[in-house]
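>>> here is my input; please provide its structure:
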Amino acid sequence: MRTPAQTLAVLAVLAKRVRNWYYGYDLSKVTGLKSGTLYPILTRLHDEGWLETRWQEATEAGRQPRHMYRLTPLGLSEAKKALLAKPAKKHNLRPAYEN
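Residues are numbered from 1 along each chain as shown. This is a model prediction of the structure:
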């Protein structure tokens, strides 16, 4: 199965630190993907069982809760296979988000 470059970029970030939770906005900053591309990828990966999600309550008044993402064990296994088959281009990724 061919994995699109945008999906590989997301998987590369998530697989780098598998125990970390990532906000969609942070994934967008690191990968350079716009929300109209990123969120359908995240939804598809979640629907396929590759991602687990959770809501983090707002820490400041007036802020919305944030949706957070990380790879499931299945997702990590599949991400490794996809990245070995065709690694994400390193020059397309911004500095990794530290958690």
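>>> and the residue in the chain sticking out farthest from the centre, how far is that from residue 55?
Distance from the centre of the chain peaks at residue 61, with 26.7 Å (CA atoms, centre = their mean). Per CB to CB, to the nearest Å, residue 61 is found 17 Å from residue 55. The way it works is simple: take the backbone N, C-alpha and C, and place the C-beta from them, glycine included.
>>> which stretches of this protein have low pLDDT?
For the chain, the stretches with pLDDT under 70 are 1, 87-99.
>>> can you pull out the helices in it?
Listed in chain order, the helices of the chain (DSSP state H) span 5-16, 24-31, 35-47, 73-85.
>>> closest to residue 65 out of the ones you listed?
helix 24-31 (12.1 Å; CB to CB).
>>> which strands or helices does that closest one pack on?
helix 5-16, helix 35-47, strand 66-71 (3 or more CB pairs under 8 Å, 6 or more residues apart in numbering; DSSP states H and E).
>>> and the angle from the last one to helix 24-31?
Spelled out, it's strand 66-71. Counting by axes from the mean of the first three to the mean of the last three CA atoms, to 10 degrees, strand 66-71 lies at 50 degrees to helix 24-31.
>>> please renumber so the chain begins at 276
All right, first residue 276 from here; so that's strand 341-346.
>>> need the residues that contact strand 341-346.
Identification of contacts with strand 341-346 by CB atoms under 8 Å, 6 or more residues apart in numbering yields 286, 289-290, 293-300, 302, 317, 321, 325-331, 333, 354.
>>> how about 7 Å then?
By CB atoms under 7 Å, 6 or more residues apart in numbering, the residues outside strand 341-346 that reach it are 289-290, 293, 295-299, 317, 325-331, 354.
>>> now do stretch 332-351: distance from first to last residue.
Stretch 332-351 stretches 26 Å from its first residue to its last (CA to CA, to the nearest Å).
>>> still on that earlier bit, just checking, which of the contacts of strand 341-346 belong to strands?
297-298, 326-331 (DSSP state E).
>>> can I get these in a markdown table with distance to residue 361?
Listed next are those as a markdown table, based on distance: CB to CB, whole Å:
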| residue | distance to residue 361 |
| --- | --- |
| 297 | 22 |
| 298 | 26 |
| 326 | 20 |
| 327 | 25 |
| 328 | 26 |
| 329 | 30 |
| 330 | 33 |
| 331 | 32 |
